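> Need a 3D model of the sequence below.
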Amino acid sequence: MSDLSRIGLVAIGRNEGERLKRCLRSIAPGIPVVYVDSGSTDGSQDFARALGMGVEILSTDRGFTAARARNAGWRRLSTEWPELDYIQFVDGDCELDPDWLATAQAALRAEPALCAVFGRRRERFPDASAYNALCDDEWNVPVGLVNACGGDALFRLAALVEAGGYSDYLIAGEEPDLCLRLRLKGWSIRRIDAEMTLHDADIHSAQPWWLRARRSGHAFAEHVVRHGAQADPVWRRQRNSIILWGGIVPALIMVLALAAAIAGSPGPGLAALLGLATYPAQVARIAFRKWRAGARPRFALNYGLWIMLGKFAQFGGVARFHWKRWRGGTHRIIEYKGASTP
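Predicted structure coming up:
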């Protein structure tokens, strides 16, 4: 048995096409693999079976979520291969680095308090669009102990069992939710300095980026509501920033503009203009900070612009979450790849 014999891998996907083929082909032979499919119609299930991998098809009686898919995968692996100690999760639009599993396993073995490790997820085509470049920057989190990981990570199976896995119903933000619950149990998460996966965002227009930002707004809102005082402080600050710049400031500007129109007084109108001016000022501030951190000027400006524009999309996600919660409705996944309408 190889040194990687204690690792099982869960790949999840939904109509990823060629991206999934690259993903599954990148997995070294001999590793137990379960591909979990969420209603694909592109032949993904047959391709995984042709490679000799286990296939788990999620039923349609419940909503599809990445959390539910990952849970189905690791639970099947732990049942069919009880000797496993580690579970690698990988999204179907990612390709695994050939050295990653050995490096990650060594890191977990070196620190028994770690429940998970992850490395550098890179964007496959960062120069193909401004949106891809933003994704590549988003994946590049600092090396060291962190509060949460993303969708690609090597987990200690014992930690997953202790936490009960992901929260099935979360349509976004399931990784920080799991990581918070694990940290509250005394576990730690580390980002290590190693190549992990190549991700293919394939975003070439503003519409899918907008939908992706809306999904993140939903995730921030639900995380804070779900965990209350124990919510991740970074996610709490992000939620507050979204509400401020995506909701409160625009509302104040509109009120001031309306007051100026009704009263015919220049005071409220000037105040509204000053409010509008805070947005380009924020873009410049964020861009300058990014440039000081080493980013190229053009990317830094684009980063600042989309961070601020994204506040409006994220506020839509926050508002949508609270509206559905107030009405008692269920939350459906917000898909951005291949979407034709917002």
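> any low-confidence regions in the stretch 1-150 of the chain?
Along the stretch 1-150 of the chain, the parts satisfying pLDDT under 70 run over 1-2.
> Do a quick rundown of the helices in it.
18-25, 44-50, 66-80, 100-110, 130-139 (DSSP state H, counting those that start in this stretch).
> Out of the ones you listed, flag the one nearest residue 200.
Taking C-beta to C-beta, helix 18-25 is the member of those nearest to residue 200, at 5.0 Å. Glycine gets a C-beta too; all of them are placed from N, C-alpha and C.
> List of residues touching that closest one?
The contact list for helix 18-25, computed with C-beta atoms under 8 Å, 6 or more residues apart in numbering, reads 11, 13, 16, 33, 35, 44, 47-48, 51, 53, 90-96, 200, 202.
> who touches the spatially most central residue of the chain in this structure?
Centroid check for the chain by C-alpha atoms, centre = their mean gives residue 150 as the closest residue, at 5.7 Å. Each residue near residue 150 by C-beta under 8 Å, 6+ apart is listed here: 118, 121, 139, 175.
> Pipe the residues you listed into CSV and attach distance to residue 81 and neighbour count per row.
Formatted as CSV, the contacts of residue 150 follow (distance: C-beta to C-beta, whole Å; neighbours: other C-beta atoms under 10 Å):
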residue, distance to residue 81, neighbour count
118, 22, 29
121, 26, 25
139, 30, 19
175, 23, 24
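> Can you list the buried residues in stretch 213-231?
Residues 213-224, 227, 231 are the ones in stretch 213-231 that count as buried (16 or more other C-beta atoms under 10 Å).
> What about these, which are in helices?
213-224, 227 (DSSP state H).
> just those residues now: which is nearest residue 283?
residue 213 (15.5 Å).
> Check whether the residue nearest to the closest one when sequence neighbours are not counted sits in a helix, strand or coil.
Using C-beta to C-beta, 6 or more residues apart in numbering and skipping residues adjacent in sequence, the residue nearest residue 213 is residue 313, 3.7 Å away. Under the three-state scheme (DSSP: H, G, I helix; E, B strand; the rest coil), residue 313 adopts helix.
> Residue 316 and residue 215 touch, don't they?
No: counting by C-beta atoms under 8 Å, residue 215 is not a contact partner of residue 316; they are 10.0 Å apart.
> Which residues are in contact with residue 128?
Contacts for residue 128 (C-beta under 8 Å, 6+ apart) come out as residue 204.
> repeat that for 10 Å
The contact partners of residue 128, taken as C-beta atoms under 10 Å, 6 or more residues apart in numbering, are 200, 201, 202, 203, 204.
> wait, which of those residues is closest to residue 294?
In terms of C-beta to C-beta, no member of those lies closer to residue 294 than residue 201, at 22.0 Å.
> Kindly provide the distance from the closest one to residue 287.
22 Å (C-beta to C-beta, to the nearest Å).
> Of these two, which one has the most company?
The neighbour comparison of residue 201 against residue 287 (other C-beta atoms under 10 Å) goes to residue 201, with 26 against 22.
> Assign that one to helix, strand or coil.
Quick answer, by three-state DSSP: residue 201 is coil.
> From what I see, residue 246 and residue 238 are in contact.
No: at 11.2 Å, residue 246 does not count as touching residue 238 under the criterion of C-beta atoms under 10 Å.
> Please parse this protein into its domains.
Taking automatic domain parsing as the reference, the chain has its domains at 7-204, 205-342.
> Work out the gap between the first one and the centre of the chain.
Mean C-alpha position of domain 7-204 versus that of the full chain (C-alpha atoms, centre = their mean, to the nearest Å) differs by 11 Å.
> The shortest one too?
Centroid separation between domain 205-342 and its chain, computed with C-alpha atoms, centre = their mean, is 17 Å.
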